[in-house]
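*Asks:* coords please:
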Amino acid sequence: DLFQGEEWKRHDAVTGRRLVLGNGDVRLHYAVAGETSPLYRNAIGDECVYVESGTGVVETVFGDLMVGEGDYVVIPRATTHRWVPVGDAPLRVYAIEANSHIAPPKRYLSRFGQFLEHAPYCERDLRLPTDPQTVDATEAEAQGIEVYIKHRGPGAGGIAGSVHVLPHHPFDVVGWDGCLYPYVFNIADYMPITGKVHQPPPAHQVFEGNNFVICNFVPRKVDYHELAVPVPYYHSNVDSDEVMFYVGGDYEARKGSGIGIGSITLHPGGHAHGPQPGAMERSLGAEFFDELAVMVDTFRPLEVGEAGATVDDGKYAWTWAGGRQ
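*Replies:* Take a look at the predicted model:
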């Protein structure tokens, strides 16, 4: 666990993020928060933050978003916001920071931007911000409001960011207009695409950015051909690195590998991987998988971050070796 004891109470969901994996296109962070974050603008790219557990409010210039377990929170680039944990439990988040925009897959959208009927979710599933807050601008002007801005290139002390002091509160607005705004989508509202035979990972895609995709594996009916093998076959991702974050249920293909809820695995491109020995036989005749995972596939290699190196168990790569290391 990256956050032992009561340490989480001193961290927030922005400055408390620890880098697990990343490259020039996307960075994967994990944070456990008990404090309100500073006002924050990511000027590099959009963020898609998955809430593993806990509850909170994401206050934005567009209004508030109530968030909880299973929520994807999509925050467009340069949106001023802050994370406010609610309740006594920590807010655990998996932050996917892009160097681009993050949006639903193009194949699910019409040329006018609406979700098509075959898409696994639709506009009705998206939760939008409430009305903007009422802020005492006079008091804010007297104090000065600091906004942390993350941008390209080093800032003071080598930190890629700066602090902008405003003479007014950034949430002191009367409304907003347009088609760019933060929203929430809950993973439980994703309608999995199933088939008579095994469906490849792109069938589970939920979002995409430049040079990466986000997929989710949710509880679902599995292959119903009489000769189907429900677990995935052995394969190697020739064009991508694959990162799996296991957040619920029991991942059928990897039983016995040491993976548990909260685990993150990395399968670099070109490395063959697949079901744990014996998993294929155990899956025959199965009709339903109770598993929940968030997957990020990147099309450029990932580097291991500080947090990823800290929690590497040193054993996962050998779980197919039958005890040989």
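
*Asks:* Not counting its own residues, what contacts stretch 113-127?
*Replies:* With C-beta atoms under 8 Å, 6 or more residues apart in numbering as the test, stretch 113-127 has contacts from 65-66, 104, 108-110, 179, 183-186, 189-193, 206. Just so you know, the C-beta spots here come from the backbone N, C-alpha and C atoms, and that holds for glycine as well.

*Asks:* redo that, cut-off 6 Å
*Replies:* 108, 110, 183, 184, 185, 189, 190, 191, 193 (C-beta atoms under 6 Å, 6 or more residues apart in numbering).

*Asks:* of the residues you listed, closest to residue 99?
*Replies:* Looking at the contacts of stretch 113-127 and their distance to residue 99, the nearest is residue 183, at 20.5 Å (C-beta to C-beta).

*Asks:* so how far is residue 173 from the closest one?
*Replies:* In this view, residue 183 and residue 173 are 18 Å apart by C-beta to C-beta, to the nearest Å.

*Asks:* and what of residue 95?
*Replies:* Counting by C-beta to C-beta, the gap from residue 95 to residue 173 is 25 Å.

*Asks:* Residue 26 against residue 211, yeah?
*Replies:* No: Residue 26 is beyond contact range of residue 211, at 7.4 Å (criterion: C-beta atoms under 6 Å).

*Asks:* Tell me the confidence at the closest residue to residue 129 other than its chain neighbours?
*Replies:* Excluding the flanking residues, the one nearest residue 129 by C-beta to C-beta, 6 or more residues apart in numbering is residue 63, at 3.3 Å. Here the pLDDT value assigned to residue 63 is 93.

*Asks:* Does residue 63 touch residue 133 like I think?
*Replies:* No: contact criterion C-beta under 6 Å: residue 63 and residue 133 do not qualify, at 7.1 Å.

*Asks:* can you map out the strands along the stretch 201-325 of the chain?
*Replies:* Assigned strands in the stretch 201-325 of the chain, in chain order: 205-209, 212-217, 220-221, 241-249, 264-267, 288-289, 291-298, 303-304 (criterion: DSSP state E, counting those that start in this stretch).

*Asks:* Which of these sits closest to residue 199?
*Replies:* Taking C-beta to C-beta, strand 220-221 is the member of the strands of the stretch 201-325 of the chain nearest to residue 199, at 9.2 Å.

*Asks:* what comes into contact with the closest one?
*Replies:* Against strand 220-221 from outside (C-beta under 6 Å, 6+ apart): 192, 194, 288.

*Asks:* By neighbours, which of these wins?
*Replies:* Most neighbours among those, by other C-beta atoms under 10 Å: residue 192, with 16 neighbours.

*Asks:* Check the gap between that one and residue 205 for me.
*Replies:* To residue 205, residue 192 is 11 Å away according to C-beta to C-beta.

*Asks:* contacting residues for the residue nearest to residue 129?
*Replies:* 129, 130, 131, 132.

*Asks:* of those, closest to residue 58?
*Replies:* Nearest to residue 58 among the contacts of residue 63 is residue 129, at 8.5 Å by C-beta to C-beta.

*Asks:* tell me the contacts of the closest one?
*Replies:* Going by C-beta under 6 Å, 6+ apart, residue 129 touches 60, 62, 63, 65.

*Asks:* still on that earlier bit, between residue 95 and residue 173, which one's more packed in?
*Replies:* Neighbour count, other C-beta under 10 Å: between residue 95 and residue 173, residue 95 has more, with 23 against 15.

*Asks:* mind checking which helix or strand that one is in?
*Replies:* Using DSSP states H and E, residue 95 falls within strand 91-98.

*Asks:* Neighbouring strands - and their directions - for the helix or strand just after that strand?
*Replies:* Going down the chain from strand 91-98, the next helix or strand is strand 126-127, by DSSP H and E. Partners of strand 126-127 in the sheet, by DSSP bridges, are strand 183-186 (antiparallel).
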